[in-house]
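Trainee: Whatever this is, show me its structure:
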Amino acid sequence: ILHAQDSTSVLVRIHENISPASNFSNTLFVNPANLPFARTYSLSELSAGYTTKSEQTNLQQLGNGINQFLINAQSYYKIDSGNTVFGNAYYKNGKRKNVHWNESSDYNVIYPYVTADSIGGDISFEEYAFKGGYSKSFSKTRIGIAAAYRALLEYRDIDPRPKNTVSDLNVQAGISQNIGNHYAVGTSVNLQKYTQSNALKFFSELGAPAVYHMTGLGVYNNLLTGNKLSSFYDGRGYGANLQLFPKDQNGFVLSVGYNHFDYEKIMTEFQNLVASTISEKRFEGEVSYLKKSETQVYGAKIQGYYTDRTGTENIFDNKSTTSYIKISEADRYTNQIAFVGISGLYYIPNPEFSWSVSPGFNLKNRVEKYIDPLRKMDITQAIGRLDLSASKLLSKSLISLFAGFEYSVALDSEMKLSERKDNSIFDMLDYNYSYLSSDYAKASLAARWDYKYDTDLNFFIKSDLDYYQYSNTKNNTCFQMSVGLTF
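Mentor: The predicted structure is shown next:
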């Protein structure tokens, strides 16, 4: 598709990397053995950027904004026809604003069993991660391995003073095999080890608020309420996936996957009591078709996933003041999410001037439930989307523009509470439900300018803006700016 002289080689490689066709079906590349087919060209990028978010509505446990600085590096390098290496690394430093009812980290990983109080506040964080992998190609077979590690530190310098550390390790191994000349089949497995330690302190001489160990939808563990300030999350995961795909990404793709994740919440200053456990199962699949020629590309895709998360609370005999004996357990919390989406792509890949149109439509249902006392949120959303992109290749520059428009409607929503009290916990439930069930309109704009400084060295500047307008009259804004080098 692309024909370039040496003088524009780096711009052509960037053009391929950001093209909608190259990113249409990324589920293939969960398997590290398939990475040799991801791109035609090698490309590495080093960048630094700044992100600011202002969110008038959000889950209170996530806060209402972020300011962060980011350094990011990524590389995809074909050593020769039989060996491919790939990797990325990043460092983040920033602050999450006005976090309430959550003094733990990684809320979307460990919910609903977070440690909380009624005060909250801004949370500072530092996070770094790196991932690396290798794929070896034989005549008809490829094998691949990859490993990723993420570390996170979050803290606050005024009461309440959490200090949370996260360690998240993932390893993968995969294989793929040719089927005839055009197609291949691949499979991979992954393992995960996750830990998080929480320590909460109060230095004020005026006293401290009660500390709660939440169990879902505003319910908390009465036995542990008070001054139990330390906890530890011990998690593990595993998964497998299968892909059938054309080696040139020109044809039908079928992929299915399964992932399991579970953890225990352990009260480290309370006889290492296992207070609760989470077990989550996720099923996902995708069928897509991409037809490529030198003058045009068109594609269609249907994808979906189903997540079933169950929370189990241990029940103890606490008649003794010195020891607690587990007498039973109960599954009291569930969160089930079902998603299906369809999308299309029409793309003109001419590097001198390329453009694309990509419509999409999604349905999503979320049912979150706590058994006793009965509390339930059931929300069904329909989301329409239209993405537009264009890029112009000049003698020493590549200009890329993107615009996206999205509209979400709550087809059905309800919150049931078997009881209601006038306190801040129920205010939080109302606030979160309003956010989750609101209609919204979203507009996204992005621009990137690449300048070829040398044959194989490029400078770029990029900016992104996302704006949400919600039916509850609130709006969210996210702006990102980054500069970097590509080579």
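
Trainee: tell me the SS of the residue positioned nearest the centre of the chain?
Mentor: In the chain, the centroid-proximal residue (Cα atoms, centre = their mean) is Asn108; its distance is 8.9 Å. For Asn108, the assignment made with DSSP: H, G, I helix; E, B strand; the rest coil gives helix.

Trainee: ok now do it, which residues does it touch?
Mentor: By Cβ atoms under 8 Å, 6 or more residues apart in numbering, the contact list for Asn108 is empty. Every C-beta, even on glycine, is put in place using the N, C-alpha and C of the backbone.

Trainee: Which pLDDT value goes with it?
Mentor: We have a pLDDT of 97 for Asn108.

Trainee: what does Ala38 give?
Mentor: On the pLDDT scale, Ala38 gets 91.

Trainee: which ones are touching it?
Mentor: 22, 28-29, 76, 86.

Trainee: what's the distance between it and Gln469?
Mentor: 36 Å (Cβ to Cβ, to the nearest Å).

Trainee: thinking Arg156 is in contact with Phe125, fair?
Mentor: No. Checked against Cβ atoms under 8 Å, the pair Arg156 and Phe125 is beyond contact range at 10.1 Å.

Trainee: Compare neighbour counts for these two and give me the winner.
Mentor: Arg156 (21 against 18; other Cβ atoms under 10 Å).

Trainee: Angles on the backbone of the more buried one, please.
Mentor: phi -140, psi 140 (degrees, to the nearest 10).

Trainee: check contacts around it.
Mentor: Contact analysis of Arg156 by Cβ under 8 Å, 6+ apart lists 121-124, 162.

Trainee: Recalculate using a threshold of 6 Å.
Mentor: Counting by Cβ atoms under 6 Å, 6 or more residues apart in numbering, Arg156 touches 121, 123, 162.

Trainee: Report the mean confidence score over stretch 280-288.
Mentor: In this model, stretch 280-288 has a mean pLDDT of 97.

Trainee: low-confidence ranges in the stretch 251-400 of the chain?
Mentor: 320-322 (pLDDT under 70).

Trainee: pretty sure Gly63 is in contact with Asn98, am I right?
Mentor: Yes. Using Cβ atoms under 6 Å, Gly63 is in contact with Asn98, at 5.3 Å.

Trainee: Looking at the two, which is more packed in?
Mentor: Counted by other Cβ under 10 Å, Gly63 and Asn98 do not tie: Gly63 has more neighbours, with 22 against 15.

Trainee: all strands for the stretch 201-350 of the chain, in order.
Mentor: For the stretch 201-350 of the chain, the strands defined by DSSP state E, counting those that start in this stretch cover 212-216, 219-220, 230-246, 251-267, 273-292, 297-317, 325-348.

Trainee: Could you look up the next helix or strand downstream of the last one?
Mentor: Counting by DSSP states H and E, the next helix or strand C-terminal to strand 325-348 is strand 353-370.

Trainee: Show me what that following strand pairs with in its sheet, parallel or antiparallel.
Mentor: Taking DSSP bridges as the criterion, strand 353-370 pairs within the sheet with strand 325-348 (antiparallel), strand 375-393 (antiparallel).

Trainee: Please enumerate residues in contact with it?
Mentor: 20, 216-217, 219, 333-348, 376-392.

Trainee: count of neighbours near Asp464?
Mentor: Neighbours of Asp464 (other Cβ under 10 Å): 17.

Trainee: Quick check, it in contact with Gln480.
Mentor: Yes. Shown here, Asp464 and Gln480 form a contact pair, counting by Cβ under 6 Å, at 4.4 Å.

Trainee: looking at this, Ala410 is in a strand?
Mentor: Yes. Read with three-state DSSP, Ala410 is one of the residues of a strand.

Trainee: what sits against it?
Mentor: Applying Cβ under 6 Å, 6+ apart, we find Ala410 in contact with 381, 437, 439.

Trainee: My read is that the second one contacts Leu411, right?
Mentor: Spelled out, that is Ser437. No. Under the criterion of Cβ under 6 Å, Ser437 lies out of contact with Leu411, with a separation of 10.4 Å.

Trainee: Neighbour count for these two, which is higher?
Mentor: Neighbour count, other Cβ under 10 Å: between Ser437 and Leu411, Ser437 has more, with 20 against 12.

Trainee: for the more buried one, phi and psi?
Mentor: phi -100, psi 0.

Trainee: Could you do Asn423 as well?
Mentor: Backbone torsions of Asn423, given as degrees, to the nearest 10, read phi -150, psi 180.

Trainee: about what we covered before: possible to save the contacts of Ala410 as TSV with distance to Met428?
Mentor: Shown next, in TSV, are the contacts of Ala410 (distance: Cβ to Cβ, whole Å):
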residue	distance to Met428
Gln381	21
Ser437	15
Asp439	21
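
Trainee: What pairs with the helix or strand where Tyr407 lies, parallel or antiparallel?
Mentor: Secondary structure from DSSP H and E places Tyr407 in strand 397-417. Strand pairing for strand 397-417, determined by DSSP bridges: strand 375-393 (antiparallel), strand 440-454 (antiparallel).

Trainee: Excluding chain neighbours, give the residue nearest to Lys452 in space.
Mentor: Spatially, and ignoring its direct neighbours in sequence, Lys452 is nearest to Lys396 (4.6 Å; Cβ to Cβ, 6 or more residues apart in numbering).

Trainee: Please apply the same query to Asn272.
Mentor: Nearest to Asn272 is Ile266, by Cβ to Cβ, 6+ apart, at 5.6 Å.

Trainee: just Asp372 next, same as before
Mentor: Closest to Asp372 by Cβ to Cβ, 6+ apart is Arg332, at 6.4 Å.

Trainee: can you count the residues close to the one you found?
Mentor: 18.

Trainee: how close does it get to Ile278?
Mentor: 12 Å.

Trainee: do the same with Asn178
Mentor: According to Cβ to Cβ, Asn178 stands 40 Å off from Ile278.

Trainee: Now do the SS call for Asp427.
Mentor: helix.

Trainee: How confident was the prediction at it?
Mentor: Looking at Asp427, its pLDDT reads 96.

Trainee: Please renumber the chain so that the first residue is 33 from this point on.
Mentor: Noted, 33 is the first residue going forward, which turns the last one into Asp459.

Trainee: how many other residues sit next to it?
Mentor: Using other Cβ under 10 Å, Asp459 has 14 neighbouring residues.

Trainee: who's in contact with it?
Mentor: If you count contacts by Cβ under 6 Å, 6+ apart, Asp459 has none.

Trainee: Save the strands of the stretch 233-382 of the chain as JSON lines, and put in distance to Ala479 too.
Mentor: Formatted as JSON lines, the strands of the stretch 233-382 of the chain follow (distance: least, Cβ to Cβ, whole Å):
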{"stretch": "strand 244-248", "distance to Ala479": "42"}
{"stretch": "strand 251-252", "distance to Ala479": "46"}
{"stretch": "strand 262-278", "distance to Ala479": "32"}
{"stretch": "strand 283-299", "distance to Ala479": "30"}
{"stretch": "strand 305-324", "distance to Ala479": "26"}
{"stretch": "strand 329-349", "distance to Ala479": "23"}
{"stretch": "strand 357-380", "distance to Ala479": "19"}
